[in-house]
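**Q** Give me the fold of what follows.
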Amino acid sequence: MEWNPETQQFLSQCFFNTLSPYPEPRRAAEAALSEAANRPNYGLAVLRLVAEPSVDEQIRQSAAVNFKNHLKVHWAPHFNAPDQAVVPDPEKEQIKALIVTLMVNSSPKIQAQLSEALTIIGKHDFPKAWQTLLPELVGTLDRLSQANDYVSVNGILATINSLFKKFRYQFKTNELLLDLKYCLDSFAKPLLEVFKRTAVFIDLAMGSGTANAGVLKGYIESQRLCCRIFYSLNFMELPEFFEDHMDEWMIEFRKYLTAKYPILEDSGKDGLALVDELRAAICENLSLYMEKEEDLFQKYLSGFVESVWGLLVAASNSSTRERLTVTAIKFLTTVSTSVHHALFARDDILQQISQSVVIPNVMLRDEDEELFEMNYVEFIRRDMEGSDLDTRRRIACELLKGIALNYKENVTQKVSAQVQSLLASFADNPSANWKHKDCAIYLVVSLATKKAGGTSVSTDLVDVESFFGSVIVPELRSQDVDGFPMLKAGALKFFTVFRNQISKPVAMALLPDVVRFLGAESNVVHSYAASCVEKLLLVKDDGGRARFSGADVSPFLLALMTNLFNALQKPESEENQYLMKCIMRVFGVANVSHEVALPCINGLATVLNRVCQNPKNPVFNHYLFESVALLIRRACEQDPSLISAFEKSLLPILDMILSKDVSEFFPYAFQLLAQLVDLNRSPLPGNYMDIFAILLKPDLWKKSANVPALVRLLQAFLRKAAHELNQQGQGQGRLVSVLGIFNTLVSSPSTDEQGFYVLNTVIENLGYDVIAPYISHIWVALFNRLQSNRTVKFIKSLIIFMSLFLVKHGSQKLAGSMNDVQPNIFRTILEHFWVPNLKLIAGSMELKLTSVASTRIICEFLSPSDSMLWGKMLDSIVTLLSRPEEDRVEEEPEVPDFNETVGYNATFVNLYNAGRKEEDPLQEINDPKQFLVESLAKLSALSPGTFPRIINENLESSNQAALLQLCSSYNLTIV
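**A** Numbers count the residues shown, from 1 in each chain. Model (predicted):
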């Protein structure tokens, strides 16, 4: 695309039309620009349009946004869009040559877009492929700051700040350290110079008494950006330049923490926020130096603690200064946990911290109430799930915890007194002072300490039982579930957190009250009630026994389930994950009777129907399907008469998921169908056989996320519809399709295990006469894979399959069918794959199967004249049976197929409750060790003297001792 008047006119008109309120011209312009974007020099032409002063400002702004977005897509190749057009190198060089000058000379809105565009280029090219950038930025910055042009200065600093952020977040490598050194060498000194120059401008402006608010804002923003760049350059380690010039930085830092700027701070929220952002950036720099270079920072410490403390006391009383409050408290917390903790040792300081910092910041504010009412998900995420580390309430408690590391008794005494004072204030006037009680509860919960390795918590602030009885129980007993909802939520949270300490009789007496709170209108309250029930049902007493049983839940089970399903109909809670997780947990504990099961499956079906229209909450959806799977398992296995009612509710929905291509739910649907197939008796009803026919279509298997669930469903059909597969005609056609699926799965390392699951199920459930015509094709597929791309996982799966084949159909059929494909291949595989890898088999069922099969091979098939192979096979069997799994199994890292990792793929999510217990193919054999010794004793009796010599020559000495020990244990001998 050449730059000429026609191009300028074309682009100007297109960008003008993109601003049209009418969809037709807007869409036409967007389509034209999208097509033009694939041509060389498009980005350069758009940049030239942005630089053209004769073009309308709005059109240039639109062009600047388009230019930025164009670079996001086209500057460098994307691994998930390899065919995407990339900006040619000559065009790149021209863009780089123009962009800095253009950015500096543009209006603020265009400058912001070009700064982002420059950062996009920098992420790919800076510094190695754009070595002129930093010198150009440094020269421009020096010139602009001397000219007092702080709109442009801040544009340059914002760009540098974006470029340098990688030093905070990227993993430390030699390459990154080289980039950091380059940036330090080029910019550490200019950064200090512009910081000091701006400081002089600020002092002059404030000293003259005629400071202009707009000008001062530019200076303050400049210092904030310098502080953020300081943070990036110091993040990994303290550079020598900054160590040498620490005084110059720290003097200015201290000044900005203590100085007042009335013209900004008193002018309204925005002015104060700007100054506080600078102070917060300085607090973060101070925390960084405390963590990284405590010794060098020590001489400045007491002065900074005093300055930050003074700021914090003032900021804690304001609801609009949260970021400054949080960063200031973080700095003091870092000091409190350092060797300088004595700064907090005095009684009066602890009292001040408690009264002037902690209580004002923990006390609920208007914005907390607003969040509670307007965005319950975010409120719970912060309050219950611990993502509130950067909020005033949580960080204030973290400061107390930090001080308590060294002054626990003193902190406990002061906070306990505050808690009692808050509760007394509430008692004087409950309706006016309810926030005081909430504050007391929050302090006790937040300062509780978690016991290592468990869910139990403890506190020294109060006696939990007494506090629970006097403070929490009255809230839970309240008949008005909607009165003072934040207080109710706090009480439910306390019950949940301290659930292990609340005795079973007390908890049982209160559970019906908690169930009542599921009817509260507040989303937070009914979510906390659900969470409380769910967590109580997980409590375990000493010895790991569940504290609450199905019998404990039975008296109020119907009310509990009714309230849970009713809560799911309340506004904003239609997909409330806490409610659905509670439903799932109750199904796992309760004795689900016929009377409860039917309304529950209908309720779940209604919810399923709704979410299928627009799946949007993956956590809720997972608990939903898990609940369905658990209800099927718990109810239908106990009462098979429920199966038809469950099918009536679920099959139309599962059919809709498949027919309407709700692909997010495919893995779930297949797993639930597998459960239902397992519950049916053979022969399967016709509607299931229709599903079987769909299951065998190859297209369904192309999406990797579906494969494990499809295999689970296919296995269920192979078990229940074996008769149909054994029939001539259509049955054999189905078997050919099943084996085709096996062949596809086993050919790839990422799905070969699933292929073996299919094959093993075929061998287990179909007669040898049915599979005999296809057995050579099976071996060819396995040998091809073994030859072309063998992995340890594949070899282990092959040994397990061959073992299963042997125990089902005998060693002669196993060896004969393999040798029919290639003469003597059975012995080759024994020698090169089976014997060396047998010790790697893991899992009790697999160990038993392979050891018994291996024992039968040496006792039924191998001749003692083949003494070395016989001995080595026995040596592997003894290793497998006598050594712990961790001593003999080395995990092989699996490398996925490259083409399967490209692009986005929805992942398979396993339904724990839809799983099927493995069936033991060797139920008649209880102990594989005993089977080995008995078999060897019988074999050796037929040829006395032969086997002790072979054992002595071929078994490791440790395995000889282990075999002797086994013989002694079962009172048998090898003669």
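**Q** Tell me the buried residues in stretch 536-551?
**A** Buried residues in stretch 536-551, counting neighbours by 16 or more other Cβ atoms under 10 Å, are found at 536, 537, 539, 547, 548. C-betas here are computed from N, CA, C, even on glycine.
**Q** Identify, from the residues you listed, the entry nearest to residue 846.
**A** residue 537 (33.7 Å; Cβ to Cβ).
**Q** pLDDT score for residue 957?
**A** Residue 957 carries a pLDDT value of 93.
**Q** burial measure for it, as a count.
**A** The number of residues packed near residue 957 is 8, by other Cβ atoms under 10 Å.
**Q** Three-state assignment for residue 385, please.
**A** Secondary structure, DSSP: H, G, I helix; E, B strand; the rest coil: residue 385 is coil.
**Q** Can you give me the separation between it and residue 329?
**A** 21 Å (Cβ to Cβ, to the nearest Å).
**Q** Look at those two and report which has more neighbours.
**A** Remark: of residue 385 and residue 329, residue 329 carries more neighbours, 28 against 9, as counted by other Cβ under 10 Å.
**Q** How about that one, nearest residue that isn't a chain neighbour?
**A** In this structure, residue 329 finds its nearest non-sequential neighbour in residue 395, 4.7 Å apart by Cβ to Cβ, 6 or more residues apart in numbering.
**Q** In space, what's closest to residue 688 - neighbours in sequence excluded?
**A** Nearest residue to residue 688, sequence neighbours excluded (Cβ to Cβ, 6+ apart): residue 677, at 6.1 Å.
**Q** Contacts only, for that neighbour.
**A** By Cβ atoms under 8 Å, 6 or more residues apart in numbering, residue 677 lies in contact with 684, 688, 713, 716, 717, 720.
**Q** So which of the residues you listed sit within strands?
**A** Members of these lying in strands (criterion: DSSP state E): none.
**Q** Just the ones in helices from the residues you listed, please.
**A** Among the contacts of residue 677, the members falling in helices are 688, 713, 716, 717, 720 (criterion: DSSP state H).
**Q** The last one and residue 678 touch, don't they?
**A** In this case it means residue 720. Yes - with contacts counted by Cβ atoms under 8 Å, residue 720 reaches residue 678, the gap being 7.2 Å.
**Q** how many neighbours does residue 780 have?
**A** Residue 780 - counted by other Cβ under 10 Å - has 13 other residues nearby.
**Q** go on, residue 810?
**A** Neighbour count of residue 810, defined by other Cβ under 10 Å: 15.
**Q** State the phi and psi torsions of it.
**A** Dihedral angles of residue 810 (phi, psi; degrees, to the nearest 10) stand at phi 100, psi 160.
**Q** Then residue 433?
**A** Dihedral angles (degrees, to the nearest 10) for residue 433: phi -110, psi 30.
**Q** picking that back up, counting contacts, what elements does the helix or strand containing the residue nearest to residue 329 pack onto?
**A** When elements are assigned from DSSP states H and E, residue 395 belongs to helix 392-428. Applying 3 or more Cβ pairs under 8 Å, 6 or more residues apart in numbering; DSSP states H and E, we find helix 392-428 packed against helix 322-336, helix 347-352, helix 359-362, helix 434-446.
**Q** Whichever helix or strand comes after the third one versus helix 322-336: what angle between them?
**A** Tracing the chain C-terminally past helix 359-362 and defining elements by DSSP H and E, one meets helix 366-374 next. The directions of helix 366-374 and helix 322-336 differ by 110 degrees, with axes from the mean of the first three to the mean of the last three Cα atoms, to 10 degrees as the criterion.
**Q** buried set for helix 366-374?
**A** Using 16+ other Cβ under 10 Å as the test for burial, helix 366-374 gives 368, 371, 372.
**Q** Among the residues you listed, which one sits closest to residue 438?
**A** residue 368 (9.5 Å).
**Q** Looking at the closest one now. What's its pLDDT?
**A** On the pLDDT scale, residue 368 gets 93.
**Q** before we move on, what about residue 908?
**A** Looking at residue 908, the pLDDT reads 64.
**Q** The one 5 residues further on now?
**A** According to the prediction, residue 913 has pLDDT 79.
**Q** for residue 889, same thing?
**A** Looking at residue 889, the pLDDT reads 65.
**Q** where's the residue nearest to residue 329 relative to residue 408, distance?
**A** Per Cβ to Cβ, residue 395 is found 19 Å from residue 408.
**Q** who's more crowded, those two?
**A** Neighbour tally, residue 395 and residue 408, criterion other Cβ under 10 Å: the higher count belongs to residue 395, 21 against 12.
**Q** what ranges do the helices span in the stretch 401-550 of the chain?
**A** Secondary structure of the stretch 401-550 of the chain (DSSP state H, counting those that start in this stretch): helices at 434-446, 464-467, 473-477, 485-497, 504-516, 523-536, 550-553.
**Q** what separates residue 740 from residue 714, distance-wise?
**A** From residue 740 to residue 714 the distance is 12 Å (Cβ to Cβ).
**Q** So which of these two has more stuff around it?
**A** Shown here are residue 740 and residue 714; by other Cβ under 10 Å, residue 714 has more neighbours (26 against 14).
**Q** how about the helices and strands packed on helix 392-428 in CSV, adding distance to residue 696?
**A** Output for the helices and strands packed on helix 392-428, formatted as CSV (distance: least, Cβ to Cβ, whole Å):
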stretch, distance to residue 696
helix 322-336, 59
helix 347-352, 73
helix 359-362, 62
helix 434-446, 56
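**Q** Of the ones you listed, which stretch is the most buried?
**A** Counting by mean count of other Cβ atoms under 10 Å, helix 322-336 has the highest mean neighbour count of the helices and strands packed on helix 392-428, with a mean of 24.
**Q** And for that helix, what's in contact with it?
**A** Contact with helix 322-336 is made by 276-277, 279-280, 283-284, 286-287, 290-291, 301, 304-305, 308-309, 311-312, 315-316, 341, 343-344, 357, 361, 390-392, 395-396, 398-399, 402-403, 405-406, as judged by Cβ under 8 Å, 6+ apart.
**Q** what angle separates that helix from helix 392-428?
**A** 100 degrees.
**Q** pLDDT (mean, whole number) over helix 322-336?
**A** For helix 322-336, the mean confidence score works out to 94.
**Q** Likewise for stretch 211-224?
**A** For stretch 211-224, the per-residue pLDDT averages 94.
**Q** likewise stretch 647-661?
**A** Per-residue pLDDT values over stretch 647-661 give a mean of 92.
**Q** Spatially central, which residue of this structure would that be?
**A** Taking Cα atoms, centre = their mean as the criterion, residue 619 is the residue nearest the geometric centre of the chain, at 11.2 Å.
**Q** Quick check: that residue touching residue 576?
**A** No - if you go by Cβ under 8 Å, residue 619 and residue 576 don't touch, sitting 10.3 Å apart.
**Q** Let me see the ranges of the helices in the stretch 551-700 of the chain.
**A** Ranges of helices in the stretch 551-700 of the chain, per DSSP H, counting those that start in this stretch, are 557-567, 577-589, 594-613, 618-631, 637-638, 643-659, 666-679, 686-695.
**Q** For residue 624, grab the count of nearby residues.
**A** 24.
**Q** Who are the contact partners of it?
**A** Residues near residue 624 by Cβ under 8 Å, 6+ apart: 580, 604, 607, 608, 611.
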